[in-house]
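>>> how does the following fold in three dimensions:
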Amino acid sequence: LPKNYGSPDLDKRVLGEVVDLFTNNIKMDDTEESKDLLGRTYEYCIAQFAAYEGTKGGEFYTPSSIVKTLVEILKPFENCRVYDPCCGSGGMFVQSVEFLKAHSGNRDRISVYGQESNSDTWKMAKMNMAIRGIDADFGQSHPTLKADFIMANPPFNLSNWGQDKLQEDVRWKYGIPPAGNANFAWIQHMIHHLAPNGKIGLVLANGALSTQTSGEGEIRRKIIEADLIEGIVAMPTQLFYSVTIPVTLWFISRNKRQAGKTLFIDARNMGHMVDRKHRDFSEEDINRLSQTFTDFQNGTLE
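As a prediction, the model looks like this:
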């Protein structure tokens with residue numbers, strides 16, 4: 001919480017009323033309904049904090065419509081391992097569990113692995129998992145992990161990420177990423193941790209699609225030639241609190257069902273404005289994107 005919550009000048013009566021709202025209106029027992037209500041309340045608060053913080057909010061919160069789109073397209077199943085190497089407040093894990101519940105799966109039959117470099121954000125994620133009753137491994141290193149599903153919204157175009165210390169790293173199968181931009185370091189890190197039939201869904205700035213800087217084009221070419229790119233979705237602007245630049249969803253899969261083919265979706269005109277600054281996707285929008293991917297994978301896309 002902000003530091004002023006610990007100030008002796010804080011109105012104790014107002015703070016007490018907030019506590020009463022929870023204790024009088026939310027059952028604090030161990031039922032699924034209580035966990036869900038408290039969890040949704042916590043998610044709502046995180047979203048409001050992110051909106052208020054603006055650019056800083058993007059460090060710990062990915063808009064729910066983006067997360068839902070990734071999860072609905074990837075379709076995590078029971079007994080799977082889900083990994084987010086930059087998990088923020090843990091929204092990808094929450095939505096994966098919600099997907100299982102919605103499709104008659106057992107919410108306890110999913111293994112969650114996360115990493116987060118910001119200690120305050122890490123605590124938010126731990127709290128989010130605890131409230132939801134999700135057993136998560138947030139250790140800062142998972143060197144042997146091979147995940148069935150990897151979902152991530154890594155920092156866009158991150159510079160000074162430590163390339164000089166990782167020149168011989170085993171993860172750089174398709175080339176050493178440039179020191180000035182970590183986009184293809186993130187991609188190769190995720191591919192390295194992917195199970196034999198695993199799938200990745202991640203968010204990247206549009207520049208990653210076309211850049212030729214410092215060998216990035218060559219890395220991208222090798223990843224494409226390895227037939228790992230299953231789909232690319234061009235998203236509209238104003239979906240994020242942190243940036244207004246357009247972004248792209250990348251879907252990377254081992255053993256693609258449509259070998260040698262890649263699906264491109266132009267979703268730049270989808271969604272609706274919720275206020276003057278922010279756009280959102282409806283359930284219908286998300287289902288339309290998900291169904292398009294399903295039809296493509298089944299070979300029935302018209």
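>>> where does pLDDT dip in the stretch 101-250 of the chain?
The model of the stretch 101-250 of the chain has pLDDT under 70 over residues 104-105, 107, 241-243.
>>> where along it do the strands fall?
Using DSSP state E, counting those that start in this stretch, the strands of the stretch 101-250 of the chain run over 110-114, 136-137, 147-152, 194-205, 229-234, 247-253.
>>> most tightly surrounded among those?
Counting by mean count of other C-beta atoms under 10 Å, strand 147-152 has the highest mean neighbour count of the strands of the stretch 101-250 of the chain, with a mean of 24. Placement of C-beta: from N, CA and C, glycine included.
>>> starting at the chain centroid, how far to that one?
9 Å (C-alpha atoms, centre = their mean, to the nearest Å).
>>> closest one to residue 167 among the strands of the stretch 101-250 of the chain?
strand 194-205 (22.7 Å; C-beta to C-beta).
>>> show me what that closest one is packed up against.
helix 64-74, strand 147-152, helix 183-192, strand 247-253 (3 or more C-beta pairs under 8 Å, 6 or more residues apart in numbering; DSSP states H and E).
>>> what mean pLDDT does the first one get?
Average pLDDT, helix 64-74: 94.
>>> got JSON lines for the strands of the stretch 101-250 of the chain, with distance to residue 89 too?
Formatted as JSON lines, the entries for those read as follows, by distance: least, C-beta to C-beta, whole Å:
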{"stretch": "strand 110-114", "distance to residue 89": "10"}
{"stretch": "strand 136-137", "distance to residue 89": "12"}
{"stretch": "strand 147-152", "distance to residue 89": "13"}
{"stretch": "strand 194-205", "distance to residue 89": "15"}
{"stretch": "strand 229-234", "distance to residue 89": "23"}
{"stretch": "strand 247-253", "distance to residue 89": "19"}
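>>> for those strands, which one sits closest to residue 130?
When the strands of the stretch 101-250 of the chain are compared for distance to residue 130 using C-beta to C-beta, the nearest one is strand 136-137, at 8.9 Å.
>>> burial count for residue 106?
10 (other C-beta atoms under 10 Å).
>>> skip the chain neighbours and tell me the closest residue to it.
residue 78 (5.9 Å; C-beta to C-beta, 6 or more residues apart in numbering).
>>> that neighbour: neighbouring residues, count only.
13.
>>> what of residue 216?
So residue 216, with other C-beta under 10 Å, has 20 neighbours.
>>> now do the same contact list for it.
Counting by C-beta atoms under 8 Å, 6 or more residues apart in numbering, residue 216 makes contact with 177, 178, 181, 183, 184, 208.
>>> got TSV for those, with neighbour count and distance to residue 139 too?
Output for the contacts of residue 216, formatted as TSV (neighbours: other C-beta atoms under 10 Å; distance: C-beta to C-beta, whole Å):
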residue	neighbour count	distance to residue 139
177	25	24
178	19	29
181	22	27
183	24	25
184	25	25
208	20	28
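>>> which residues in the stretch 1-150 of the chain form helices?
For the stretch 1-150 of the chain, the helices defined by DSSP state H, counting those that start in this stretch cover 12-25, 32-53, 64-74, 91-102, 119-132.
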